[in-house]
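# only geometry, no sequence info:
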């Protein structure tokens, strides 16, 4: 059964629950450990959305889609290539992506994100799905020209780590088969990305397994699966939407 988990504030109280039409069924306890359903239901229009989880870390993949790798002339990597985005980059649905103080074009990258549900270290590919709670939409915002500015040190984290550069949400969807999903990124009403998740070099289970060989993944951590063709820059005043059927629409302004 597919469920959509959401975090929100209502009357200055932080809560979480599941979407039931235009209402939120409130739960209590721990979202990742036997959450308890209550009799409280709140209209979605009455709440302020938060990020659906609070990750201890966000790991963002590079060159994980065959189509984009082919376009860039890059061979498929032998192992996942990834960087980390800091907590100050996290941004809720509806929040404003802020242009950095320096110069440089700011690019959108619509992506599927894996949400970890159980602590895992050194798990096998076969057991990795047991540690996945669900999936959400993400935008791996980037100032691309910073990456290669210094020829002695590629600046991936700086290019992708500015404040507000990691919007994700609006919900975490459980019970989905990620291989059946399609990611669409819409800039000012125009579809700029429309690509299938099953074109990934490393599947969701493989990503969790491989990364867990390097570091322990904890409940709430995100793995951004990487992006495909159609990445482009945004002008201040733009609205960018990352849409994945079965999950929803992540909408943010860029100012």
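Right, received. Where do you want to start? The structure displayed is predicted, hence computed values, not measured ones. Numbers count the residues shown, from 1 in each chain.

# separation between the nearest residue to residue 1 once chain neighbours are set aside and residue 192?
Among residues not flanking residue 1 along the chain, residue 175 sits closest, at 5.4 Å (C-beta to C-beta, 6 or more residues apart in numbering). All C-beta spots, glycine's among them, are computed from the backbone N, C-alpha and C. Residue 175 sits 29 Å away from residue 192, going by C-beta to C-beta, to the nearest Å.

# avg pLDDT for whichever strand or helix holds residue 107?
Per DSSP states H and E: residue 107 is located in strand 106-108. Per-residue pLDDT over strand 106-108 has a mean of 98.

# that strand: how far from the chain's middle?
With C-alpha atoms, centre = their mean, to the nearest Å as the basis, strand 106-108 stands 15 Å off its chain's centre.

# list the residues that contact residue 167.
90, 91, 92, 93, 95, 97, 138, 139, 141, 242, 250, 252 (C-beta atoms under 8 Å, 6 or more residues apart in numbering).

# does the last one touch residue 90 like I think?
Read it as residue 252. No. Look at residue 252 against residue 90 with C-beta atoms under 8 Å: they stay out of range, at 12.0 Å.

# which other helices and strands does the helix or strand residue 61 falls within contact?
Secondary structure from DSSP H and E places residue 61 in strand 58-62. Under the contact definition 3 or more C-beta pairs under 8 Å, 6 or more residues apart in numbering; DSSP states H and E, strand 58-62 sits against strand 81-85, strand 222-224.

# parallel or antiparallel, list what pairs with the shortest one.
Strand 222-224 has its sheet partners listed here by DSSP bridges as strand 58-62 (parallel), strand 110-116 (antiparallel).

# just give me how far the next helix-or-strand element following that strand sits from the chain centre.
Next along the chain after strand 222-224, taking DSSP H and E as the criterion, comes strand 232-234. The chain centroid and the centroid of strand 232-234 are separated by 18 Å under C-alpha atoms, centre = their mean.

# and the contacts of strand 232-234?
Contacts of strand 232-234 (C-beta under 8 Å, 6+ apart): 97, 105, 106, 107, 108, 187, 192, 240, 254.

# grab the nearest non-local neighbour of residue 61.
Residue 61's closest residue in space is residue 226 (C-beta to C-beta, 6+ apart), at 3.8 Å.

# what of residue 117?
residue 133 (2.7 Å).

# show the model's pLDDT score for that neighbour.
pLDDT at residue 133 comes out at 98.

# for residue 103, same thing?
81.

# returning to that earlier point: helices or strands up against the strand holding residue 107?
Secondary elements touching strand 106-108 (3+ C-beta pairs under 8 Å, 6+ apart): strand 232-234.

# residue 219 touches residue 132, doesn't it?
No. Taking contacts as C-beta under 8 Å, residue 219 lies outside contact range of residue 132: 10.7 Å.

# who has more neighbours out of these two?
residue 132 (22 against 19; other C-beta atoms under 10 Å).

# who does the residue nearest to residue 19 when sequence neighbours are not counted bridge with?
Spatial nearest neighbour of residue 19, chain neighbours left out: residue 4 (4.2 Å); criterion: C-beta to C-beta, 6+ apart. Applying DSSP bridges to residue 4 yields these beta-bridge partners: residue 173.

# ok, how many other residues are close to residue 4?
For residue 4, using other C-beta under 10 Å, the count is 21.

# also residue 172?
29.

# pretty sure it is touching residue 138, no?
No. Using C-beta under 8 Å as the test, residue 172 is too far from residue 138 to be in contact (11.3 Å).

# which segments of this protein make up each domain?
1-50, 51-254 (automatic domain parsing).

# packed most tightly, which of those domains would that be?
Among those, ranked by average contacts under mean count of other C-beta atoms under 10 Å, first place goes to domain 51-254 (a mean of 19).

# check the offset of that domain from the chain's centre.
5 Å.

# with stretch 26-40 instead?
Per C-alpha atoms, centre = their mean, the centroid offset for stretch 26-40 relative to its chain is 23 Å.
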